[in-house]
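Undergrad: Show me the folded form of this:
(one chain, ligands or ions: 1)
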Amino acid sequence: MSNEPSKLASAPAKDDAELPRIAYPKNLVGQPALVTGANSGIGKATAIGLAKAGADVVINYVTHPEAAEDVAQEITAFGGRAITIQADVSKEDDVLSMFAKAIAHFGTLHIVVSNAGLQRDSPFEQMTLEQWNTVIGINLTGQFLCTREAAREFKKRGVDDKVSVAAGKIICMSSVHQEIPWAGHANYAASKGGVMLLMKSIAQELAPYKIRVNSVGPGAIRTPINTAAWSTPEAYAELMTLVPYKRIGEPDDIARAIAWLASDAADYVTGATLFVDGGMTLYPGFATGG
Ligand code: NAD
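TA: Numbering: from 1, shown residues only. Here you go, the predicted structure:
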């Protein structure tokens with residue numbers, strides 16, 4: 001049988017060749033989008049994906065400006081418009097200045113993807129306050145700061161029905177770990193659990209202003225944040241025990257979900273977390289036991 005599960009599980013893909021090639025619908029034209037942490041991994045794929053859907057894109061980065069410039073060049077090469085802005089999302093002054101520059105450049109923003117995040121893993125009893133504060137500061141406070149600035153701009157402008165039926169769209173980057181506890185990563189899981197109720201609370205508060213707020217919850221995606229989980233055949237096979245769909249996710253899997261959430265095709269969707277995880281949240285251990 002060609003698709004016998006254990007064979008697929010032991011075959012790490014070398015690139016994203018397994019991904020279905022689906023073109024982005026060009027339904028975000030005239031809607032400037034800001035993506036945080038957009039010079040790597042999921043944020044980079046999202047910036048490129050939103051640009052393919054027609055959005056002008058702000059590529060936020062904190063380090064490695066050359067990687068941000070590469071993303072901008074990739075976008076301009078296919079006719080899109082992009083600028084790069086440095087800001088540490090955990091710092092209020094940086095975030096205020098980033099939004100001011102973005103709005104001055106593109107006139108407004110319609111889409112904000114609060115993606116920047118990191119891990120500082122440690123057994124719980126050895127976790128330092130610095131490890132805790134770094135992760136909460138970027139993954140949760142960073143999302144507070146960026147989503148607050150988005151809400152201010154969207155509310156001030158209101159609906160521009162020439163480009164969208166909503167006044168603005170916020171997409172928070174969460175994780176399957178807003179639901180699945182994660183030993184050795186208590187700070188990270190707490191940050192994503194926090195993102196879940198931040199997202200839902202502001203979705204409730206902002207819905208009357210036609211501002212939609214949703215999260216994407218990726219499973220295991222092939223990016224630098226989790227290289228150890230997929231870069232050797234052994235690690236990949238172990239990872240596949242957690243993924244019923246039997247392939248790792250690629251950054252573009254997440255980008256396409258974000259582009260849909262940001263579009264009017266998702267107009268009645270707010271306060272939702274869209275898990276894009278190959279079934280990781282389906283309790284795969286129960287497929288053979290329980
Ligand atoms: P990545 O390391 O490739 O990208 C993270 C990005 O965030 C980088 O561009 C980094 O520079 C940026 N960043 C970090 N600190 C920042 C700060 N203070 N200010 C601005 N930018 C900052 O990893 P990724 O996998 O692409 O992660 C993106 C998001 O996806 C994160 O929020 C992560 O928690 C989430 N996520 C990833 C996975 C996965 O399997 N890769 C799964 C679930 C959730």
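Undergrad: C-alpha only now, for contacts and for neighbours.
TA: Noted.
Undergrad: The residue nearest to residue 223 when sequence neighbours are not counted: neighbour count?
TA: Computed as C-alpha to C-alpha, 6 or more residues apart in numbering, the closest residue to residue 223 that is not its neighbour in sequence is residue 41, at 4.9 Å. Neighbour count of residue 41, defined by other C-alpha atoms under 10 Å: 17.
Undergrad: Check which helix or strand the closest residue to residue 280 other than its chain neighbours maps to.
TA: Distances taken as C-alpha to C-alpha, 6+ apart put residue 243 closest to residue 280, at 5.0 Å, once the chain neighbours are dropped. According to DSSP states H and E, residue 243 maps onto no helix or strand at all.
Undergrad: need the contact list for residue 243.
TA: For residue 243, the contact set (C-alpha atoms under 8 Å, 6 or more residues apart in numbering) comprises 277-280, 284.
Undergrad: change it to 10 Å
TA: Residues near residue 243 by C-alpha atoms under 10 Å, 6 or more residues apart in numbering: 9, 219-220, 237, 249, 277-285.
Undergrad: Let's test this: what are the backbone torsions at it?
TA: Per-residue torsions, residue 243: phi -120, psi 100 (degrees, to the nearest 10).
Undergrad: what pLDDT does it get?
TA: For residue 243, the model assigns a pLDDT of 97.
Undergrad: Kindly report the residues of the stretch 101-250 of the chain close to the ligand.
TA: Where the stretch 101-250 of the chain comes near the ligand, counting by C-alpha under 6 Å from any ligand atom, the residues are 115-118, 138, 173-175, 218-226.
Undergrad: In strands, which of these fall?
TA: 173, 218 (DSSP state E).
Undergrad: Now, of the residues of the stretch 101-250 of the chain next to the ligand, which are buried?
TA: For these, a neighbour count by 16 or more other C-alpha atoms under 10 Å gives the buried set as 115-117, 138, 173-175, 218-222.
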